[in-house]
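**Student:** one predicted model, sequence on top.
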Amino acid sequence: MKSASNPSEVLECPSKAEIIDRIQKLVPPGSLEPQAPETIAALQTLTAQLISAYKADGQLESEPFEDVRDREVHLYATAVSNKIQGKTILVTGGEGCVGNYLIEKLLYLGANQIICVDKARCQNPLETLSLCQQEGAVTFYATDIRNFGALKQIFEVHKPEIVFHLAAQRSPGLAEIQIRETVTTSILGTKHVIELSEEYGVEQCIFSSTGKASRYFTTEVYAASKKFAEWQFARAAKSGQVTYGMVRFTHMLENSLFCEQMSKKVEQGKIVNVHAPHRYVTAQNVLEAVHLLLNSLVLSVPGKLKFLTVRNLGWPTETLEVALYKIVESGKNLPIYFQGLLPGYEEPFFMGQFDWSQPTDIHLLINVLEDPFRIVDDSGDIVSAELAPFSFRVFDRQVSHLESFINASDFPESQIKEVLVAAEKEVIASSFAWSSAPDLLKILQWGINPKKLQCYGSDIYSYSEIIELLLQGIYGRVDAEVLQKSGISADEFHELVNSLAPLDCLESEVHYLRSVSRSVRELMPLASLTNKNYEGVSIRDAA
């Protein structure tokens, strides 16, 4: 009889990867939620095995976001209080998660009167005389910021001295459905806030944006519309009289859509749907968010748009780990399955987003072109930076073009996204035209590293649009000196050009780079070109 205590005789438990593969084979991503009892029973068994595998790795012992919930960002309380003492402050989106906390803190620090503008109580968004309700020092208006007349009436009555602009679509998934509302709120609503701030002599206007806007290019409605709002504020900061500031938030724990959804499923004892394995989120808490907004009053400067973010965001957290922890905490034997990526969450991560020559200094909400403006504040908790320059002339033309479509009620909603992305491309092209050729070349090299793409299960075709924009930005600007400044050797450049060959749509750009490669390899000694190829560490896809 064989001894069960002999390690060589004991069957090894399946690995995480093997269990995940079995779950996906049982219920392929994109399938409807399984209903068959035998399938659910099998998923329960696999989920229990997956939980054991995670525990064997020392995970699920504590809440995955525990360190984030306890994290703090310094508040320049005295300086902020001096800014807001006795002032009338208007907050758009004030009835949202961050808005509620912000209003509380403003009152605590000495604000005289708070004007909360939110569409939450709106029954008729077109009504010029908005529903108004007074609660102590806070006046609540049921107003949609897209309604210029209603918003102007509020400015006229209260004449705010400080504005916090928080109103926006909160859900990337819903943004892909409510396209017109998302785009008009971000573009027209932001335009109204800026115009009225200038007209009524507002001292400071602070805007809340998203880390998703740090992407050079995006086809997601949520992120693209936020990029346009950022550009509007950068434009206003240069040409207006108001001092503008901005913050970039990442995933807000107290306002987490995926955590809400998972918690609800667990509470109801139902199967828990996870978008996909190996999806990670970088998170922050609402107190950090409020402190960033308030500190922006102190750290913003006239004439330029500086944006703030948390300096140390910690390591990204896996959404699958969050789901498994919630199941463990509940004590229930619940199954999970991978439903597949949904619109608004499908965009693959572009490796050229970050400077891989300094992997330990990467900030997940600041891209390579914004990084030269990065400054750590005196507290050490906050990083400020600025947007990469872009052409105001091109931007103004594209916004005007966009408005002509989104203002037309009969223009098909499905086509608004196409117009938005096309306009975004033009502004990004103007930014790349002003960016240094060595920087763009490094971004391209990091972004299409074949080994990295293979590691992520991706390919060059997934990034054809951003690659095209980068190639247009460096067209006619590459020579041996640019390669030297980029730290790219002649051989590396030759390999980079070859890796672009499969993209038939970029034939002329690739032909140009081939001619440059031939010239450099023929005329430049290889030893004179440095080799700083960097494989780097892995940053997982953001959920």
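**Tutor:** Thanks, I have it.
**Student:** tell me where the stretch 401-543 of the chain is predicted with low confidence.
**Tutor:** 524-543 (pLDDT under 70).
**Student:** residue boundaries of the strands in it?
**Tutor:** Taking DSSP state E, counting those that start in this stretch as the criterion, the stretch 401-543 of the chain contains strands spanning 541-542.
**Student:** same question for stretch 81-90, mean pLDDT?
**Tutor:** Stretch 81-90 carries an average pLDDT of 96.
**Student:** sorry, that was for stretch 213-222
**Tutor:** For stretch 213-222, the mean confidence score works out to 97.
**Student:** chain center to that stretch: distance?
**Tutor:** 8 Å (C-alpha atoms, centre = their mean, to the nearest Å).
**Student:** again, but for stretch 154-172
**Tutor:** On C-alpha atoms, centre = their mean, the centre of stretch 154-172 falls 21 Å from that of its chain.
**Student:** now Ala437: closest residue in space, sequence neighbours ignored.
**Tutor:** Arg477 (4.0 Å; C-beta to C-beta, 6 or more residues apart in numbering). For every residue, glycine as well, the C-beta is placed using N, CA and C.
**Student:** my read: the one you found touches Ser435, true?
**Tutor:** No - contact criterion C-beta atoms under 8 Å: Arg477 and Ser435 do not qualify, at 10.1 Å.
**Student:** compare those two (neighbour count), which wins?
**Tutor:** Taking other C-beta atoms under 10 Å, Arg477 and Ser435 do not tie; Ser435 has more neighbours (20 against 14).
**Student:** do you know how far the more buried one is from Ile366?
**Tutor:** According to C-beta to C-beta, to the nearest Å, Ser435 and Ile366 sit 15 Å apart.
**Student:** which strands and helices sit next to the host helix or strand of Ala17?
**Tutor:** Ala17 belongs to helix 16-26 when elements are defined using DSSP states H and E. Where contact means 3 or more C-beta pairs under 8 Å, 6 or more residues apart in numbering; DSSP states H and E, helix 16-26 is packed against helix 37-56, strand 336-338.
**Student:** any idea which of these gets closest to Gly189?
**Tutor:** Using C-beta to C-beta as the measure, strand 336-338 is the one of the helices and strands packed on helix 16-26 that comes nearest Gly189, at 35.9 Å.
**Student:** what packs against the closest one?
**Tutor:** helix 16-26, helix 37-56, strand 272-274, helix 319-330.
**Student:** using CSV, lay out the ones you listed together with mean neighbour count.
**Tutor:** Listed next are these as CSV, based on neighbours: other C-beta atoms under 10 Å:
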stretch, mean neighbour count
helix 16-26, 16
helix 37-56, 16
strand 272-274, 22
helix 319-330, 20
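**Student:** can I get those in TSV with mean pLDDT?
**Tutor:** Output for these, formatted as TSV (pLDDT from 0 to 100):
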stretch	mean pLDDT
helix 16-26	95
helix 37-56	96
strand 272-274	95
helix 319-330	97
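**Student:** ok, which of those comes nearest Ile84?
**Tutor:** It is, among the helices and strands packed on strand 336-338 and with distance given as C-beta to C-beta, helix 319-330, at 36.4 Å.
**Student:** what's in contact with that closest one?
**Tutor:** For helix 319-330, contacts defined as C-beta atoms under 8 Å, 6 or more residues apart in numbering pick out 47, 50-51, 54, 59-60, 63-65, 258-259, 262-263, 266-267, 272, 274-275, 277-281, 334, 336, 543.
**Student:** quick one on the thing from earlier: rebuild the helices and strands packed on strand 336-338 as CSV, extending it with distance to Lys485.
**Tutor:** Listed next are the helices and strands packed on strand 336-338 as CSV, based on distance: least, C-beta to C-beta, whole Å:
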stretch, distance to Lys485
helix 16-26, 41
helix 37-56, 45
strand 272-274, 44
helix 319-330, 39
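**Student:** out of those, which comes closest to Val399?
**Tutor:** Val399 lies closest to helix 319-330 among the helices and strands packed on strand 336-338, at 35.1 Å (C-beta to C-beta).
**Student:** ok, now how distant is the residue nearest to Ala437 from Leu441?
**Tutor:** 9 Å.
**Student:** now swap in Gly340 and tell me
**Tutor:** Distance of Gly340 to Leu441, computed by C-beta to C-beta: 35 Å.
**Student:** of those two, give the one with the bigger neighbour count.
**Tutor:** Leu441 (25 against 17).
**Student:** number of residues surrounding His363?
**Tutor:** By other C-beta under 10 Å, neighbour count at His363 equals 21.
**Student:** so it touches Phe373, yeah?
**Tutor:** No - shown here, His363 and Phe373 do not form a contact pair, counting by C-beta under 8 Å, at 11.6 Å.
**Student:** gap between the most centrally placed residue in the chain and Leu453?
**Tutor:** Centroid-nearest residue in the chain: Lys212, 1.5 Å away (criterion: C-alpha atoms, centre = their mean). Lys212 sits at a distance of 21 Å from Leu453 (criterion: C-beta to C-beta).
**Student:** one more: Tyr216?
**Tutor:** 17 Å.
**Student:** looking at those two, which one has more neighbours?
**Tutor:** Neighbours were counted for Tyr216 and for Leu453 using other C-beta under 10 Å; Tyr216 has more, 24 against 19.
**Student:** quick check: phi and psi on that one?
**Tutor:** Tyr216 adopts backbone torsions of phi -60, psi -40, taken as degrees, to the nearest 10.
**Student:** all numbers from here: first residue = 638
**Tutor:** Sounds good: first residue 638 from here, last item Tyr853.
**Student:** how close does it sit to Glu1129?
**Tutor:** Distance of Tyr853 to Glu1129, given as C-beta to C-beta: 22 Å.
**Student:** so who does Leu697 touch?
**Tutor:** By C-beta under 8 Å, 6+ apart, the contact list for Leu697 reads 688, 691, 958, 961-962, 965.
**Student:** swap in 10 Å and give it another go.
**Tutor:** Leu697 sits next to 688-691, 958, 961-966 when contact means C-beta atoms under 10 Å, 6 or more residues apart in numbering.
**Student:** same thing with Arg1011?
**Tutor:** Taking C-beta under 10 Å, 6+ apart as the contact definition, Arg1011 lies against 946, 948, 998, 1000, 1003, 1020-1023.
**Student:** tell me the least confident of the residues you listed?
**Tutor:** Least confident of the contacts of Arg1011 in the model: Asp998, at 90.
**Student:** how near is Thr729 to Val1134?
**Tutor:** Separation of Thr729 from Val1134 (C-beta to C-beta) stands at 48 Å.
**Student:** cool, Thr822 as well?
**Tutor:** Distance of Thr822 to Val1134, computed by C-beta to C-beta: 43 Å.
**Student:** these two: which is more packed in?
**Tutor:** The residue with more neighbours, out of Thr822 and Val1134, is Thr822; 23 against 19, by other C-beta under 10 Å.
**Student:** from memory that one sits against Val858, does it?
**Tutor:** No - contact between Thr822 and Val858 fails when scored by C-beta atoms under 10 Å: they sit 11.1 Å apart.
**Student:** what sits against Ser1036?
**Tutor:** Let me fix one detail, which is that residue 1036 is Val and not Ser. Neighbour list for Val1036: 824-825, 828, 865, 868-869, 872, 1060, 1064 [criterion: C-beta under 10 Å, 6+ apart].
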